[in-house]
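> Would you be able to build a 3D model of this:
(2 chains)
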Amino acid sequence: DGGITQSPKYLFRKEGQNVTLSCEQNLNHDAMYWYRQDPGQGLRLIYYSQIVNDFQKGDIAEGYSVSREKKESFPLTVTSAQKNPTAFYLCASSPGLQETQYFGPGTRLLVL
Amino acid sequence: AQSVTQLDSQVPVFEEAPVELRCNYSSSVSVYLFWYVQYPNQGLQLLLKYLSGSTLVKGINGFEAEFNKSQTSFHLRKPSVHISDTAEYFCAVIPHSGGGADGLTFGKGTHLIIQP
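Predicted coordinates for the structure are as follows:
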């Protein structure tokens, strides 16, 4: 049963804390993406990775970091430098860049 | 750079009535076009896509969309909606290879509200 999983479903962050959102895919896709969704704003690209051990900043990368050590995994860390982290975070993957993207179920991050 | 405009933030429709959700885009290069649906607190599900060929594309759940290059539009339609179609709908584009952008550019979404 192929797909994209994200965990946790809900995540709470304290002031000054770094938190990591998990994204795993078993679709054998090379490209993976992280988007941030705010109400009424659509989705905005945070980071993307075309291939293992390579990743690039998207439109709103400040305050975030990623790694791509394995093809199936693309974790996102929300650092303390991100001053407004409350949002719904969506991970996606595609066979390659400029190809159809498939999305995970999302993680909602809330600040305590 | 690309931009996507969804002209209506909310569209209320009675059940079994037809609906059209409007999407216009701007791009200096050719693009692929997509419609996604999002149910509350869930990820995005692909409804349909236009890559090439026939400008009328059919998707899941009885939806279809027509690509109009001259009007740079990709409007989504359904002839008869159901309560279960209540959701947020997103139009998105991505440039063809070499277009410079590497993620989808999304519109701000249209909330389709089905009234019984």
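
> A:L45 and B:L104 touch, don't they?
Yes: in this structure, A:L45 is within contact of B:L104 by Cβ atoms under 8 Å, at 7.4 Å. (Each C-beta comes from the backbone N, C-alpha and C, glycine too.)

> Residue numbers of chain A in contact with chain B?
Neighbours of chain B within chain A, by Cβ under 8 Å from any Cβ of the partner chain: A:4, A:6, A:33, A:35, A:40-45, A:48, A:50, A:56, A:58-59, A:90, A:92, A:97-98, A:100-106, A:108.

> Try it again at 7 Å.
Selection of chain A residues close to chain B by Cβ under 7 Å from any Cβ of the partner chain yields A:33, A:40-43, A:45, A:48, A:56, A:58, A:90, A:97-98, A:100-106.

> who has more neighbours, A:L45 and B:L104?
Between A:L45 and B:L104, counting by other Cβ atoms under 10 Å in any protein chain shown, B:L104 is the more crowded of the two (28 against 22).

> Name the nearest residue to the more buried one, ignoring sequence neighbours.
In this structure, B:L104 finds its nearest non-sequential neighbour in B:A92, 4.3 Å apart by Cβ to Cβ, 6 or more residues apart in numbering or on different chains.

> same check, this time on A:K14
Once flanking residues are discounted, A:K14 sits nearest to A:L112: 5.2 Å by Cβ to Cβ, 6+ apart.

> cool, and B:P40?
B:A87 (7.8 Å).

> contact partners of stretch B:107-116?
With Cβ atoms under 7 Å, 6 or more residues apart in numbering or on different chains as the test, stretch B:107-116 has contacts from A:40-42, B:4-6, B:8-15, B:19, B:21, B:23, B:81-83, B:85-91.

> Weed out the non-buried ones from those.
The neighbour-count test (16 or more other Cβ atoms under 10 Å in any protein chain shown) marks A:42, B:4, B:6, B:11, B:13, B:19, B:21, B:23, B:81, B:85-91 as buried among the contacts of stretch B:107-116.

> Among these, which lie within strands?
B:4, B:6, B:11, B:13, B:19, B:21, B:23, B:87-91 (DSSP state E).

> Tell me the one among these nearest to A:R13.
Sorting these by distance to A:R13 puts B:E88 at the head of the list, at 24.9 Å, by Cβ to Cβ.

> Touching, that closest one and B:Q38? I think so.
Yes: when contacts are counted by Cβ atoms under 7 Å, B:E88 is listed as touching B:Q38 (4.5 Å).

> What residues does chain B have near chain A?
Within chain B, the positions lying close to chain A (Cβ under 7 Å from any Cβ) are B:42-44, B:46, B:49, B:90, B:94-97, B:102-104, B:106-109.

> quick one: which of the residues you listed sit in strands?
Using DSSP E, B:44, B:46, B:49, B:90, B:94-95, B:106 are the members of these that sit in strands.

> By neighbours, which of those residues wins?
B:L44 (28 neighbours).

> In a markdown table, list the ones in strands among the buried ones among the contacts of stretch B:107-116 along with pLDDT and distance to A:T20.
Output for these, formatted as a markdown table (pLDDT from 0 to 100; distance: Cβ to Cβ, whole Å):
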| residue | pLDDT | distance to A:T20 |
| --- | --- | --- |
| B:V4 | 96 | 30 |
| B:Q6 | 97 | 32 |
| B:V11 | 97 | 38 |
| B:V13 | 97 | 41 |
| B:V19 | 98 | 40 |
| B:L21 | 98 | 36 |
| B:C23 | 98 | 35 |
| B:A87 | 96 | 29 |
| B:E88 | 96 | 27 |
| B:Y89 | 97 | 31 |
| B:F90 | 97 | 26 |
| B:C91 | 97 | 31 |
